[in-house]
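Trainee: Model the following, please.
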Amino acid sequence: MRKGYKWILLFLLATSMFLTSCCNNKNENNVSSDDNMNTNQNGEQLVSTDKSNKETTQGSTHDNEGSDTAGDVRIKLTFNNEEVIVKMFDNPTSRDFLTLLPLTITLEDYARTEKIHYLSKELSTEEAPTGSDPSVGDFAYYSPWGNIIIYNKDFGYSNGLIKLGKIESGVDKFENIPDNIPVTIEKIN
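Mentor: Just a heads-up that it's a prediction; the model follows:
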């Protein structure tokens, strides 16, 4: 009778190991295909995601900040006879922002780190990253509050922060801009 139990236990152990191995293999296949890309009916890559950096980018070339440019689209911010040029990124939120232009706003200082303005309309967060780690010169949208941001200092990772573009020239002009100065934003190409 003891030999019967040994064989039953051995059989159960072998079956358990086999089933565990099959389940792990199936899960690995699902994770690798879901995390790496989504494809359309023709097998073309639509969106590539890298969950290690919490960013999502469009297109075939990308870096870890999601900073593909929207066909070299630039915007100009004008205030107090000063001009700042921003190179826009190609993502749904940036494209949605561009539909609002031209726009005249006022900026207010927030924590001596950024200049902000609350938009009257929420921007699209489709395909947006869960958050971003901004640095000096980033032009961004903070979806939880519905405001655009211009960073004049580095800041830590923020959930809900979507980068819209990067200032190419004139970031230093925002450090001392007083609150409530009209700023005109327009597309230049």
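Trainee: Please, where are all the strands along this protein?
Mentor: Secondary structure of the chain by DSSP state E: the strands cover 37-39, 45-50, 55-58, 69-79, 82-89, 103-106, 108-110, 114-118, 131-132, 138-142, 147-151, 158-159, 161-169, 182-187.
Trainee: Could you dump these into a markdown table and include mean pLDDT and distance to Asn176?
Mentor: For every residue, glycine as well, the C-beta is placed using N, CA and C. Shown next, in a markdown table, are the strands of the chain (pLDDT from 0 to 100; distance: least, Cβ to Cβ, whole Å):
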| stretch | mean pLDDT | distance to Asn176 |
| --- | --- | --- |
| strand 37-39 | 36 | 45 |
| strand 45-50 | 34 | 38 |
| strand 55-58 | 31 | 32 |
| strand 69-79 | 82 | 12 |
| strand 82-89 | 95 | 11 |
| strand 103-106 | 96 | 16 |
| strand 108-110 | 92 | 10 |
| strand 114-118 | 95 | 11 |
| strand 131-132 | 95 | 25 |
| strand 138-142 | 97 | 18 |
| strand 147-151 | 96 | 13 |
| strand 158-159 | 96 | 24 |
| strand 161-169 | 96 | 15 |
| strand 182-187 | 96 | 14 |
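Trainee: ok, Thr125 - contacts?
Mentor: 92-93, 143, 162 (Cβ atoms under 8 Å, 6 or more residues apart in numbering).
Trainee: With Ile185 instead?
Mentor: Residues counted as contacts of Ile185 (Cβ under 8 Å, 6+ apart) are 75-77, 101-105.
Trainee: quick one: it from Asp154, how far?
Mentor: To Asp154, Ile185 is 23 Å away according to Cβ to Cβ, to the nearest Å.
Trainee: hmm, back to that, out of the contacts of Thr125, who's the most crowded?
Mentor: Ile162 (27 neighbours; other Cβ atoms under 10 Å).
Trainee: So what sits opposite it in the bridge?
Mentor: Tyr141 (DSSP bridges).
Trainee: Quick one: end-to-end length of stretch 111-131, please.
Mentor: The first residue of stretch 111-131 is 19 Å away from its last residue (Cα to Cα, to the nearest Å).
Trainee: list the buried ones in that stretch?
Mentor: By 16 or more other Cβ atoms under 10 Å, the buried positions in stretch 111-131 come out as 114-117, 123-125, 127-129, 131.
Trainee: and if you look at stretch 130-146?
Mentor: For stretch 130-146, burial by neighbour count (16+ other Cβ under 10 Å) applies to 131-134, 136-143.
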